[in-house]
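> my questions concern the predicted model and sequence given below.
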Amino acid sequence: MQAADRWSTPRLAEFVATVTGAPDEASATRRAVDWATEALEAEVGVIVEGASALASVGFPRGEVPAGVLAMAIAGDHEVLDIAGVGPCRLAATRLDMEFAVDIVVARAGTAEFSREEIGLLRAAARSLTLTLRLFRALAAERSMSDNLQKRQALLERLSSIQRSITRRVPLDDVLNTITASARDLLDVEMATLRLIDQQSPGEMLLAAQDGLPADVARSIHRTNVGEGASGRAVADDRLIVIETDQVLDARPELAGENVQRAMAAPVRDGDRPTGTILVATTRPDRRFGPVEQEVLIAFAEHASLALTDAKRVEHIRQLAFHDELTGLPNRGLFMERLEQALIRSRRRRGHVAVLFLDLDRFKTINDSLGHTAGDQLLVTVGERLRHCLRDEDTASRLGGDEFAILAHCDRAGAIEIAARLLTAMEPSFLIDDREVSVAASIGISLDRGGHSDAGGMLRDADTAMYRAKFGAGNGFVVFERSMHAAALARIDLEASLRRALLCDEMHLDYQPIVRLADGEVLGLEALIRWHHPERGIMNPLDFIPLAEETGQIAPLGRWILKEACEQARRWQQSDARLRHLSISVNVSPRQLQDQRFVQDVADALSLSGLDPGDLVLEITEGAVMVDAESAIRVLHALRALGVSLAVDDFGTGHSSLALLRRLPVDVLKVDKMFVDNIVTDPVAAAFLETIVRMGEILSLTVVLEGIESAAQVALIAGCGGVLGQGYQLGRPMGSAAVDRLLAAGSDTVARPIAV
């Protein structure tokens with residue numbers, strides 16, 4: 001535990017209670033030095049008066065070099081060599097006593113005490129000053145029973161106030177008690193407590209008062225810092241006593257109250273004045289001597305404790321109910337407000353809407369740019385959400401990149417809010433001088449009349465959000481009851497996917513990649529297949545996006561790499577003619593952003609014995625565009641392993657040509673949309689030929705995907721030495737079928753084309 005944590009406000013209040021509860025001055029000093037040494041995690045501590053030690057702890061054999069310490073303090077020495085301990089960092093503060101009294105702690109080593117630790121030591125010194133003054137005053141005036149009773153009453157009042165603080169009595173009640181106690185013990189007619197207005201730091205507001213008529217209290221509710229006893233006490237940060245003329249000059253509203261004299265002491269927040277406590281009398285003969293001043297300072301100190309503790313409690317409450325990163329309400333506060341909104345809706349037949357917003361590709365951005373950048377993005381998203389809502393609506397961060405909005409509106413109003421939110425997400429985010437584009441998916445759930453429960457509404461909005469993310473169209477979807485079954489099926493599918501690898505339900509099919517000039521199979525593309533025990537063979541489009549979203553793509557990708565490399569190596573070893581047969585494996589965007597991916601590829605090659613040049617990794621333009629700079633670094637690292645790289649589905653991205661110049665790739669796989677119409681459309685054929693020529697100029701191997709007719713094969717063969725892939729050349733097949741294909745030779749795949 002850090003020293004500053006030990007000196008939380010309740011602990012400081014306990015310190016004050018401990019020293020003020022001591023039976024005499026010697027006990028108070030012993031308790032004070034024990035507490036200070038322990039709280040600041042020091043080795044030794046001492047209270048020095050002149051060249052004498054009033055109390056000490058931690059010194060070997062109890063030998064305190066009081067004179068040496070006094071000279072060190074006077075000379076502002078920060079490090080002192082203490083016998084039996086060694087070099088120590090000193091922290092000392094002087095008590096405000098008639099004679100020089102210092103409280104000193106020394107911590108082994110030379111590390112400096114923090115500003116908070118020094119501030120807390122000073123706070124303890126102020127409290128100890130008051131206690132020692134009271135003890136010495138009590139000792140000097142022991143024969144005066146009246147004064148003794150007054151001081152005993154002060155200690156009792158202060159102890160009562162301390163108990164109120166530690167029991168978390170409402171701040172207003174504590175401040176009212178302090179104000180009333182000051183008026184009572186100082187035997188005056190009125191007392192006030194003012195605090196600086198946080199919205200207008202040059203002014204103070206009346207926080208508590210005792211003895212003022214209501215109309216007078218209203219007339220002096222707001223005052224200026226620097227004016228009157230209260231204003232000067234704050235401005236000068238010291239106790240102020242003023243006489244009749246000065247009181248009336250500062251506050252003419254008090255003329256009818258016949259105020260003769262006023263005294264004010266600053267109330268602090270740490271070392272900074274944050275308010276003042278004032279007492280005033282109407283009796284000309286009433287004086288505010290040293291004892292009265294000490295009493296008022298004691299109440300001011302306790303007002304400071306109360307304010308600091310209230311601030312700490314509010315901070316804890318803020319942490320409990322608000323997201324620490326964005327400052328938005330957290331899940332707990334959101335659910336509480338949603339439940340209240342549903343109760344009101346039940347009474348008034350009102351409308352309630354919940355919008356569940358999830359950022360698309362946030363994890364990829366977070367992984368590639370770092371968590372600090374991800375946090376900056378979330379903060380900015382939170383700010384944009386706030387600006388889209390009305391005052392009565394609530395935006396919250398549920399966790400990660402998930403946000404929820406509570407709106408008091410019907411279906412049309414919720415759709416309008418969703419449209420505003422999506423529009424707000426369109427401009428790029430500037431994160432660490434880098435522009436980042438982030439889209440969002442939104443699900444909406446609705447209620448009228450408060451018939452839903454809060455958890456159900458949030459769940460339904462979440463379900464609709466997933467529908468929006470994986471097929472939605474406009475970026476948002478309104479929940480329908482039919483989505484429940486789909487959501488449950490999706491949960492079941494996710495659980496099944498987690499078991500699939502363990503239960504050997506996954507296998508690879510392979511599709512030939514053929515040289516069109518002679519029909520020779522030069523390589524195969526590995527394609528994942530899932531034989532679900534209940535659904536049968538599943539389309540990869542039905543589970544690959546789910547694997548991406550849930551993070552299961554990483555173990556699935558490692559398995560594909562391992563199986564494909566081992567199978568390719570077996571084919572190569574089965575026939576000398578196949579020694580350079582290549583195997584192509586698709587790489588997902590999530591894998592490309594995974595810091596382990598390059599090592600995964602290296603491990604698969606090492607375990608299988610496959611030559612790195614015979615492995616082709618296929619990467620889509622979209623995967624690179626998530627974070628081009630990071631992706632290009634990964635691609636260079638893969639090239640350093642010796643593997644070949646292919647741009648898959650070329651031509652479907654937004655920056656194909658510009659990006660192609662920067663990518664360290666070997667193969668260009670042209671999307672089937674450029675092949676579909678080449679037989680019937682001369683423009684399409686010419687366009688495809690241009691792409692092929694461009695690949696040749698860039699020294700890239702060109703593979704045309706989606707070849708489905710003999711006419712396409714014949715036409716493409718005229719483009720040069722391109723490779724092809726498609727149903728006309730060979731459908732995806734299991735490893736046994738590939739064995740037969742390779743053993744039979746190329747005639748079963750595609751006959752040589754005469755050029």
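In hand now; what should we look at?

> show me where the stretch 401-550 of the chain has its helices.
Assigned by DSSP state H, counting those that start in this stretch, the helices in the stretch 401-550 of the chain fall at 411-424, 454-469, 483-500, 544-550.

> go on, the stretch 51-200 of the chain?
66-74, 115-140, 145-166, 171-185.

> mind giving me the packing neighbours of the first one?
Read that as helix 66-74. Here helix 66-74 touches strand 44-49, strand 79-82, strand 86-95, strand 101-108, going by 3 or more C-beta pairs under 8 Å, 6 or more residues apart in numbering; DSSP states H and E. C-beta: built from backbone N, CA, C; applies to glycine.

> so for the shortest one, what gets flagged as buried?
Meaning strand 79-82. Neighbour counts over strand 79-82 (16 or more other C-beta atoms under 10 Å) mark 80, 82 as buried.

> from the chain's centre, how far out does it sit?
43 Å (C-alpha atoms, centre = their mean, to the nearest Å).

> same check, this time on the first one
Between the mean C-alpha location of strand 44-49 and the chain-wide mean there is a distance of 44 Å, by C-alpha atoms, centre = their mean.

> dump that strand to CSV, restricted to CA.
Presented in CSV, the C-alpha positions along strand 44-49 are these (Å, rounded to 0.1, in the frame of the first residue of the first chain):
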residue,chain,number,x,y,z
VAL,A,44,12.4,6.5,11.9
GLY,A,45,10.4,9.4,13.1
VAL,A,46,10.8,12.1,15.8
ILE,A,47,9.2,15.3,17.1
VAL,A,48,12.0,17.8,17.9
GLU,A,49,11.6,20.9,20.0
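
> list the buried ones in that strand?
Residues of strand 44-49 classed as buried: 44-49 (neighbour count, 16+ other C-beta under 10 Å).

> could you export those residues as a markdown table, including distance to residue 219?
What follows is the buried residues of strand 44-49, written out as a markdown table (distance: C-beta to C-beta, whole Å):
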| residue | distance to residue 219 |
| --- | --- |
| 44 | 56 |
| 45 | 51 |
| 46 | 52 |
| 47 | 48 |
| 48 | 51 |
| 49 | 49 |
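
> which stretches of the stretch 201-350 of the chain aren't confidently modelled?
244-257, 315-319 (pLDDT under 70).

> can you list the residue ranges for strands in it?
222-224, 240-243, 261-269, 272-281 (DSSP state E, counting those that start in this stretch).

> can you tell me the element residue 691 falls in?
Using DSSP states H and E, residue 691 sits in helix 682-697.

> can you name every helix or strand that that helix contacts?
So helix 682-697, by 3+ C-beta pairs under 8 Å, 6+ apart, packs with strand 667-670, strand 701-704.

> residue 461 is nearest to which of the ones you listed?
Among these, the nearest to residue 461 by C-beta to C-beta is strand 667-670 (39.6 Å).

> give me the helix or strand of this structure that scores worst on average pLDDT.
Taking mean pLDDT, DSSP states H and E as the measure, the chain has helix 3-6 as its least confident helix or strand, at a mean of 45.

> the next helix-or-strand element following it vs helix 115-140, what angle?
Next along the chain after helix 3-6, taking DSSP H and E as the criterion, comes helix 9-20. With axes from the mean of the first three to the mean of the last three C-alpha atoms, to 10 degrees applied, the angle from helix 9-20 to helix 115-140 works out at 30 degrees.

> so what's the model's average confidence on helix 9-20?
The predicted model assigns helix 9-20 a mean pLDDT of 77.

> tell me which residues in the helix or strand just after it are buried?
Using DSSP H and E, the helix or strand that follows helix 9-20 in sequence is helix 25-39. Buried residues in helix 25-39, counted by 16+ other C-beta under 10 Å: 25, 28-37, 39.
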